Every structure is written in C-alpha cells, then in structure tokens.
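K.L.:
Structure of the sequence below:
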Amino acid sequence: MKIRFLGACQEVGRSAFAVSVGGKYLVLDYGVMVNHHVGFPMHIPPKEVEAIVLTHAHLDHVGSAPIFYIHGGVPLYGVQPTFTLTSLIIKDFLKLSGYYAPYEFMDLQTMLKHTRELQYHQSIDVGDASLTLVNAGHIPGSAQAIINSEGKRLLYTGDFNRQPTRLVDGADPGNYKDLDAIIIEGTYATEDHPVRDGLEKEFVEKVTEVVEGGGTVLVPAFGVGRSQELLSVLSAYHFEHPVFVDGMALDAMEMLLKYPSSLRDSSVFERASKMAHWVDGWNDRRRAAKTAGVIISPAGMLKGGASVFYMENVAAKKQNAVFMVSFQVPGSPGRILLERKKFVIHGKARPVDARVERFDFSSHGGRRELELTLSDLDKKTKVFIVHGAEGNCKKLAEWASKEQGLDAKAPKTGDIIEI
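P.N.:
Predicted coordinates:
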C-alpha cells in the first residue's frame, strides 16, 4: 500500500491524500487553503484516480474536488448530508473567489452527478480495495475512512471528535485496533478542550449578561456545523432574547432539517431553528446590529461574509461583545482580534472596544482524545500526523514515539510512503 501526501502536511488546510488501490489511487479529500491566499493540494493526474472520498463538508477538505470533473469524472463517496453541504460551500467559494478557482460551476454540477451515498459501516469495493466509512463526530455526515488494500489496513480519521456535542454524537471509537497505518489529525495536539457542559453554561451566562446590559453579541461561526451547534446550545438553555442567524448558516440549517438522522437530537435542532430570526437582506442586518441580542454569522475567522458587516457595527461600543467560537488560523482576522484586540475596518486596523472572548467549542478532538486514540493503537501501526499548524504535527509524533513506542512521523507535502 502506497500513501501519497498531497496536502495538510504540517499545516491546517488543503487536506488531500491518495492511497493505492491496485493500479490507481483512492483520493481521500481534496481541499483548499484559504488564508492570505488560496492554496491547492499537489496535483494528481485524474487518470490515476479510481475514486474520491469526501470525509465532511468543510472547504479545507472538499474545495478542490471539482478539479477531477472538468473532463469526465470518477465515483465520489461520502455520507449525506456531506454532498448537499459541499454543494453549498463550493457555490459560495466560487461566488467569492471565482477568479482564481481552477474550475467552474458546471464542473461542480458534473461532480454532483457522480456522488455515491454510503451509510456508516457499509463496505464497498473500490478498485482492488474495500472502503468503509464510520462516524467521525465532527459535523453531520462526517466520516473516518477505513481502507483495506494489498493486505494492509489503513484508517484516515479526517477531522474527528470522540466527545459528543449538541449537534452530533462522538466518533465511533471501535476502529483503532489491527491497523497497519493511521493518518490522524493533530490540530489540537497541545491543547485540551474544556468539558462541554461547563463551557455551554458559561457561554450562555456571558451572552445573557451582555444582552441584559443592552449590548449585542456577535458570534462569528463556521457556516456549516458550528453555527447550528451554537444555536442549539442557546435553545437547549431556553435563551429568551433575540437570536439572529445570517448567511450560509441559514442555508446549512435548512439543509440539516432535511437530514434528521445525521443529528444527535433532531427535536432540539428543530426547536432551535424555530427560535431563530432568519436574516433576510440588509434591512434585517441593520436591525440585528442595533438589537440587544445575539447574532450568529459566518465567517468564523472573520475573513468575509456578513460577520464583517456586523463587526463594523458592534466593535466600537463597550456594551457589545464578540465571542469567538471557531478555530482561528494564525494570521487570520479572528486570530489577530484575539491576540491584539484589533480589526481591519475600511482598510485600517482599529482597536475594538467591544468585549472580546474565546469559547472553545471545538469539533476536533483535543490533546486528551488524540493521545487516547494513539494509546489504543497496536504497536505495529505506522502513524502519520497531519492537519496541524505551529509545529503540532511534529509534537504529537514525538509524543507517540516516546510515550507509546509507535513509529510516528509528521510527513511533508509530496512524501510517498509505502506500508
């Protein structure tokens, strides 16, 4: 079995890996990097690709996949609502970034004609290999991929979380034995996440405090997953003040209502969707920005979307607050806001007078979960740490080698490793 590392190596973004399945490769995710510039994974000729797996619908895992459908196409595997949500986020990406996207809307449409919906634990043959997808606990429809090929067994975790959240159940934990290799994320290799119940309670209490003081709370959140979870948290705690939801978060909410089986508790989510004010146009946005209440809006890193408009309106007033709840890539506007309490408004970096806090509602496993997963492995398992910035991949590989006696490394983009 050969593994080609095409992206997400010692960085967060452009996840892409290729695993040999006979004479061709099974591509596991094919995302984009969206930071100061757009970056794409290493190229793999479409003629060498047997099929593609999308582990979940976030841009850094799916944003480059339509490239394979410019001339023809191959089967595209995943668990719904991954395909439905992928269509949503790639359409948005094309709208915002079309002038440097290497594909067009028609290529996305072609891609969607090649989808093959799988259920969790359903095994299928792909080339000379078998593929099984199991729950990853990250967002609705997220999956870990198990590939059996050439007498070897590989598990790719994708983005995974063993702890349940308001939105989804935790990752299926029963798949880490008898592996020859694992490709595992290292996003939070050095950071534990707080206990969810206490975090939710603190979040609701602080939101309530700001709103009852006459302020507006802006919650910049990823449109797919995090926005819906935060709305569900407020609903579960019977939050009684206005909650506005804007942008892609609304579209994703509407889509998830059609896939209740992908949710941990569809009744809580349905109730949450009914309590929200669905923002429709600029008049609604202006009203929301002046209302004592909560605004949940993409983009989660404040790189664009309606959240930038809201920042311009809430940042200058001390009674307001900006509560960050999503992962912040180094150098992103959200990261700069947390580190320096500054935000670029109309081309100038300005101090933010509103209260700024971070709430760690991560849908990735923290250090405890990553170390637990690695300690579950047999000693024969070769470990490849990916999807981590600021040295986290190397740090987790060193821990796995020293503390668990595993053959662990942080591969570089372009590496080809035979198992």
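K.L.:
Every contact and neighbour count from this point should use C-alpha atoms.
P.N.:
Fine.
K.L.:
what's the distance between Met311 and Val219?
P.N.:
As judged by C-alpha to C-alpha, to the nearest Å, Met311 and Val219 stand 10 Å apart.
K.L.:
Please identify which of the two sits among more neighbours.
P.N.:
Comparing Met311 with Val219 by other C-alpha atoms under 10 Å, the one with more neighbours is Val219, at 27 against 22.
K.L.:
what secondary structure does the more buried one sit in?
P.N.:
Assigned with DSSP: H, G, I helix; E, B strand; the rest coil, Val219 falls in the strand class.
K.L.:
Check it and give its pLDDT.
P.N.:
If you check Val219, the pLDDT there is 97.
K.L.:
Next up, the contacts around it.
P.N.:
By C-alpha atoms under 8 Å, 6 or more residues apart in numbering, Val219 lies in contact with Val294, Ile295, Ile296, Ser297, Val322, Phe323, Met324, Val325.
K.L.:
from those residues, which is closest to Gly247?
P.N.:
Nearest to Gly247, judged by C-alpha to C-alpha, of the contacts of Val219 is Ser297 at 6.3 Å.
K.L.:
Okay, and the beta partners of that closest one?
P.N.:
Beta-bridge partners recorded for Ser297 (DSSP bridges): Pro220.
K.L.:
Pretty sure it sits against Gly225.
P.N.:
No. With contact defined as C-alpha atoms under 8 Å, Ser297 does not reach Gly225; the gap is 11.8 Å.
K.L.:
quick one: which of those two has more around it?
P.N.:
Ser297 (28 against 21).
K.L.:
Quick check: the more buried one vs Leu96, distance?
P.N.:
Distance from Ser297 to Leu96, by C-alpha to C-alpha: 16 Å.
K.L.:
And Asn313, by the same measure?
P.N.:
Applying C-alpha to C-alpha, the value for Asn313 to Leu96 is 22 Å.
K.L.:
So for those two, which sits in the more crowded spot?
P.N.:
Each of Asn313 and Leu96 has its neighbours counted (other C-alpha under 10 Å); Asn313 has more, 16 against 13.
K.L.:
residues in contact with the residue nearest to the more buried one when sequence neighbours are not counted?
P.N.:
Nearest non-adjacent residue to Asn313, counting by C-alpha to C-alpha, 6 or more residues apart in numbering: Ala289, 6.3 Å away. By C-alpha under 8 Å, 6+ apart, the contact set of Ala289 is Thr216, Ile295, Tyr310, Asn313, Val314.
K.L.:
where do the helices sit along this structure?
P.N.:
59-62, 82-97, 105-112, 196-212, 226-236, 248-256, 266-275, 282-289, 306-314, 333-340, 367-375, 392-404 (DSSP state H).
K.L.:
Need the winner for burial among those helices.
P.N.:
Mean neighbour count (mean count of other C-alpha atoms under 10 Å) peaks for helix 59-62 among these, with a mean of 25.
K.L.:
what's in contact with it?
P.N.:
So helix 59-62 is in contact with 12-16, 29-34, 54-56, 86, 89-90, going by C-alpha under 8 Å, 6+ apart.
K.L.:
do that again at 10 Å, thanks
P.N.:
The contact list for helix 59-62 (C-alpha atoms under 10 Å, 6 or more residues apart in numbering) reads 7-8, 12-16, 28-34, 39-41, 53-56, 65, 82-83, 86-87, 89-90, 93, 158-159, 224, 387.
K.L.:
distance of the closest residue to Asp125 other than its chain neighbours from Asp29?
P.N.:
Leaving aside its sequence neighbours, Asp125 sits nearest to Leu131 (C-alpha to C-alpha, 6+ apart; 6.2 Å). Distance of Leu131 to Asp29, computed by C-alpha to C-alpha: 14 Å.
K.L.:
Looking at these two, which one has more neighbours?
P.N.:
With neighbours defined as other C-alpha under 10 Å, Leu131 and Asp29 compare such that Asp29 has more, 27 against 22.
K.L.:
Could you measure from the more buried one over to His61?
P.N.:
From Asp29 over to His61 the distance is 5 Å, taken as C-alpha to C-alpha.
K.L.:
Which residues are in contact with each of these two?
P.N.:
Shared contacts of Asp29 and His61, defined by C-alpha under 10 Å, 6+ apart, comprise Gly7, Arg14, Ser15, Ala16, Val53, Leu54, Thr55, Gly158.
K.L.:
Looking at the residues you listed, spot the one nearest Ala354.
P.N.:
Using C-alpha to C-alpha, Arg14 comes nearest to Ala354 of the shared contacts of Asp29 and His61, at 33.4 Å.
K.L.:
was I right about that closest one contacting Pro41?
P.N.:
Yes. With contacts counted by C-alpha atoms under 10 Å, Arg14 reaches Pro41, the gap being 5.5 Å.
K.L.:
Which stretches in the stretch 1-150 of the chain count as strands?
P.N.:
Assignment of strands within the stretch 1-150 of the chain using DSSP state E, counting those that start in this stretch yields the ranges 2-7, 16-20, 25-30, 33-34, 38-39, 49-53, 76-78, 115-117, 123-126, 129-135, 143-149.
K.L.:
Compute the inter-axis angle for the first one and strand 143-149.
P.N.:
Going back to what we said before, that points to strand 2-7. With axes from the mean of the first three to the mean of the last three C-alpha atoms, to 10 degrees defining the directions, strand 2-7 sits at 150 degrees from strand 143-149.
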